[in-house]
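>>> Give the three-dimensional model of this entry:
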Amino acid sequence: MTRIFTASNAILLVLLTGFLVLSCAEEDPDYAMGGDSDSDSDSDSDSDSDSDTDSDTDGDVDTENNYCDCPEITGNTADNLASAMNLCPNEHLISVNKFSTSGATALDLAFAVLESQGSNDCLIHTHGCEMIALSTGPVGQADPNNAGPDDIGGSTAGGAIIGNDPLPPFQGYTATTSETFISCDVVQLQYSLTAPANAEGFTFDFLFASAEYDEWIGEGFNDAFYAIMEYDQLNGGSPTNISFDDSGMEVEVDVNFFENPAHTCDESGSGWEPAMPSVSGSTGWLRTSWPIEGGASFNLTFSIHDEGDCVFDSIVFIDNFQWSGDPVEGGTTPIE
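Here you go, the predicted structure:
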């Protein structure tokens, strides 16, 4: 059958075309403006008017300084350590301080801002451009299995560096009992914070590595990393460790994340790899989440220490602190 195109057909086609454009524009406001499906006019898929690829309105409430560790930060001042893990200098960061029982030398050697460590793709920042490290020995040492008791400025003869396990009185909502094992080279980064008004929680990434693997598995005392929160709505403000595994184990070589074959990490070239003759290992990258009320003030202290001896060292890498505008459950899980 021959198709005849008439003037009435043309009018009908124009009307149908206009209807389709209007219908698509109602479903997607950017349909007629370049195909960007968000509400701004840039070319990415978020709605924050910049040209990056993050989704700042999807739970991340710290939108002004989403990458405050870019460009590269140099120096391990307390302020730089905050920025390198994305705790940006704004009204939410009240103060930040470095502390060590091993004295002034440790305040330099035991803290670092860095992009990566070793010749691998695991010990590398998870966000932005850099991460931080806290260590019970000098960051970047070649062999953490053979460190001396005074390698960051302390000495076992000095009473100031020896004490009981600094485990807080609570782990989550469960009371703890501090052991009487000696500890030394306590290294801490202490933050005072006020959450944004629309925050419902926060998250941070970390990786713990230790030279106590594998000799001291199951021995009952080990170097450990604690994330210590002091918040009126959590155990009445008592210091509380918020980083632990599903069985309630704090982060050390017995934690179920450590060298877990279901969650591997290549530590090659870093000194923390499980290779003979100097055996070490790590948890791989983990993420701790914890709820917070918008506008609330609290303290958060990252703490690492040697325990039972002052020789085998440990380290924690920390990155990607984020406020969350979505509800979060307290807990620590591997980053896939």
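>>> just the strands in the stretch 51-200 of the chain please.
Ranges of strands within the stretch 51-200 of the chain are 93-100, 111-114, 131-135, 170-171, 174-175, 183-194, based on DSSP state E, counting those that start in this stretch.
>>> on contacts alone, who are the packing partners of the longest one?
The contact analysis (3 or more CB pairs under 8 Å, 6 or more residues apart in numbering; DSSP states H and E) places strand 183-194 against helix 78-84, strand 93-100, strand 131-135, strand 297-307. C-beta coordinates here come from the backbone N, C-alpha and C atoms, glycine included.
>>> how much distance is there from it to the middle of the chain?
15 Å (CA atoms, centre = their mean, to the nearest Å).
>>> Give me the buried positions along it.
Applying a neighbour-count criterion of 16 or more other CB atoms under 10 Å, one finds Ser183, Cys184, Asp185, Val186, Val187, Gln188, Leu189, Gln190, Tyr191, Leu193, Thr194 buried in strand 183-194.
>>> want to throw those residues into TSV with distance to Asn76 and pLDDT?
Converted to TSV, the buried residues of strand 183-194 look like this (distance: CB to CB, whole Å; pLDDT from 0 to 100):
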residue	distance to Asn76	pLDDT
Ser183	23	84
Cys184	21	86
Asp185	17	89
Val186	17	91
Val187	12	94
Gln188	14	96
Leu189	10	98
Gln190	15	98
Tyr191	15	98
Leu193	20	98
Thr194	24	98
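>>> ok, these vs Ser297, which is closest?
Proximity of those to Ser297 (CB to CB) peaks at Thr194, which lies at 4.8 Å.
>>> The closest one contacts Glu91, doesn't it?
Yes - Thr194 is in contact with Glu91 according to CB atoms under 8 Å; the separation is 7.1 Å.
>>> which sections of this protein are below the confidence cut-off?
Judged by pLDDT under 70, the chain has its weakly predicted residues at 1-66, 148-150, 153-162, 178-180, 276.
>>> Just the helices from it, written as ranges.
Listed in chain order, the helices of the chain (DSSP state H) span 7-27, 78-84, 104-109.
>>> Pull the number of nearby residues for the nearest residue to Ser100 once chain neighbours are set aside.
Using CB to CB, 6 or more residues apart in numbering and skipping the chain neighbours, the partner closest in space to Ser100 is Ala106 (3.8 Å). Burial of Ala106, expressed as a neighbour count using other CB atoms under 10 Å, amounts to 25.
>>> Highest mean neighbour count out of the helices and strands packed on strand 183-194?
Per residue and on average, the most neighbours among the helices and strands packed on strand 183-194 fall to strand 131-135, with a mean of 26 (mean count of other CB atoms under 10 Å).
>>> Specify the angle between that strand and strand 183-194 in degrees.
For strand 131-135 against strand 183-194, the angle between stretch directions is 140 degrees (axes from the mean of the first three to the mean of the last three CA atoms, to 10 degrees).
>>> any idea of the angle strand 131-135 forms with strand 93-100?
Going by the same axes, to 10 degrees, strand 131-135 makes 30 degrees with strand 93-100.
>>> Which strands and helices lie in contact with strand 131-135?
The helices and strands touching strand 131-135, judged by 3+ CB pairs under 8 Å, 6+ apart, are helix 78-84, strand 111-114, strand 183-194, strand 297-307, strand 314-324.
>>> Could you list every helix and strand in contact with the first one?
In this case it means helix 78-84. Secondary-structure packing of helix 78-84 (3+ CB pairs under 8 Å, 6+ apart): strand 93-100, strand 111-114, strand 131-135, strand 183-194.
>>> who does the first one touch, helix- and strand-wise?
The reference is to strand 93-100. With contacts defined as 3+ CB pairs under 8 Å, 6+ apart, the packing partners of strand 93-100 are helix 78-84, helix 104-109, strand 183-194.
>>> Neighbouring strands of that strand in the sheet, and parallel or not?
On the basis of DSSP bridges, the sheet neighbours of strand 93-100 come out as strand 183-194 (antiparallel).
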